[in-house]
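In: Quick one, what's the 3D model for this:
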Amino acid sequence: MSSDNPYNHNDIDDVIHGRLRLGIMAYLSSVNPAVFGELKEKVGATDGNLSTHLRKLEEAGYVRIEKRFVGKRPQTRVFLTDAGRSAWLAWLDRMQALIRASE
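Out: Numbering: from 1, shown residues only. This is a model prediction of the structure:
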């Protein structure tokens, strides 16, 4: 993070900053892991939209997707990775710096 300019938008992680991905990261930081259906409900997404955004977070290394069966039913669980938690905390720090600078 650039400490000399709290308004520098280039320090904001675009992978996290998208509205739906922001909700995903916030929810996962509090429950890790989340079942796909639960996550979909909490962030107000469709199956396809959530899958697209999870793929982007997975490609960044921020989440890990695990597919398994519970009984005979498939279940997808989403985990926040250590890198994802670090990125989330850095994003929060960046937002707090912006807030402090604007007060």
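In: in the longest helix along the chain, what's buried?
Out: Criterion DSSP state H: the longest helix present in the chain is helix 82-102. Across helix 82-102, burial judged by 16 or more other Cβ atoms under 10 Å covers 84, 87-88, 91, 94, 97-98. Placement of C-beta: from N, CA and C, glycine included.
In: Counting by contacts, list what it packs against.
Out: helix 14-17, helix 19-31 (3 or more Cβ pairs under 8 Å, 6 or more residues apart in numbering; DSSP states H and E).
In: same for the shortest one, what does it pack against?
Out: Packed against helix 14-17 by the contact rule (3+ Cβ pairs under 8 Å, 6+ apart) you find helix 19-31, helix 82-102.
In: what do you get if the cut-off is 10 Å, keeping everything else the same?
Out: helix 19-31, helix 47-59, helix 82-102 (3 or more Cβ pairs under 10 Å, 6 or more residues apart in numbering; DSSP states H and E).
In: quick one: contacts of it?
Out: Here helix 14-17 makes contact (Cβ atoms under 10 Å, 6 or more residues apart in numbering) with 9, 21-22, 24-26, 53, 56-57, 59-62, 84, 87-88, 90-92, 94-95.
In: cool, and the longest one?
Out: Counting by Cβ under 10 Å, 6+ apart, the neighbours of helix 19-31 from elsewhere in the structure are 13-18, 34, 38-40, 42-45, 49-50, 52-54, 56-57, 60, 62-63, 78-81, 84-85, 87-89, 91-92, 95.
In: Mark which of those are buried, thanks.
Out: 13, 15-16, 34, 39-40, 42-43, 45, 50, 53-54, 56-57, 60, 62-63, 78, 80-81, 84, 87-88, 91.
In: how many other residues sit next to Y27?
Out: By the measure other Cβ atoms under 10 Å, the count of residues near Y27 is 17.
In: hey, C-alpha coordinates of stretch 63-80 in PDB?
Out: The C-alpha trace of stretch 63-80 is given here as PDB (Å, rounded to 0.1, in the frame of the first residue of the first chain):
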ATOM      1  CA  VAL A  63     -10.900 -18.900  -2.400                       C
ATOM      2  CA  ARG A  64     -10.700 -22.700  -2.700                       C
ATOM      3  CA  ILE A  65     -13.700 -24.600  -4.000                       C
ATOM      4  CA  GLU A  66     -14.400 -28.100  -2.700                       C
ATOM      5  CA  LYS A  67     -17.000 -30.400  -4.200                       C
ATOM      6  CA  ARG A  68     -18.200 -33.400  -2.300                       C
ATOM      7  CA  PHE A  69     -21.300 -35.500  -1.600                       C
ATOM      8  CA  VAL A  70     -23.300 -35.300   1.500                       C
ATOM      9  CA  GLY A  71     -25.300 -38.500   1.400                       C
ATOM     10  CA  LYS A  72     -26.200 -38.700  -2.200                       C
ATOM     11  CA  ARG A  73     -26.500 -35.000  -2.800                       C
ATOM     12  CA  PRO A  74     -23.600 -32.900  -4.200                       C
ATOM     13  CA  GLN A  75     -22.400 -30.100  -2.100                       C
ATOM     14  CA  THR A  76     -20.000 -27.300  -3.000                       C
ATOM     15  CA  ARG A  77     -18.100 -25.600  -0.200                       C
ATOM     16  CA  VAL A  78     -16.200 -22.400  -0.600                       C
ATOM     17  CA  PHE A  79     -13.200 -21.700   1.600                       C
ATOM     18  CA  LEU A  80     -11.300 -18.400   2.100                       C
END
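In: I appreciate the help and will end here.
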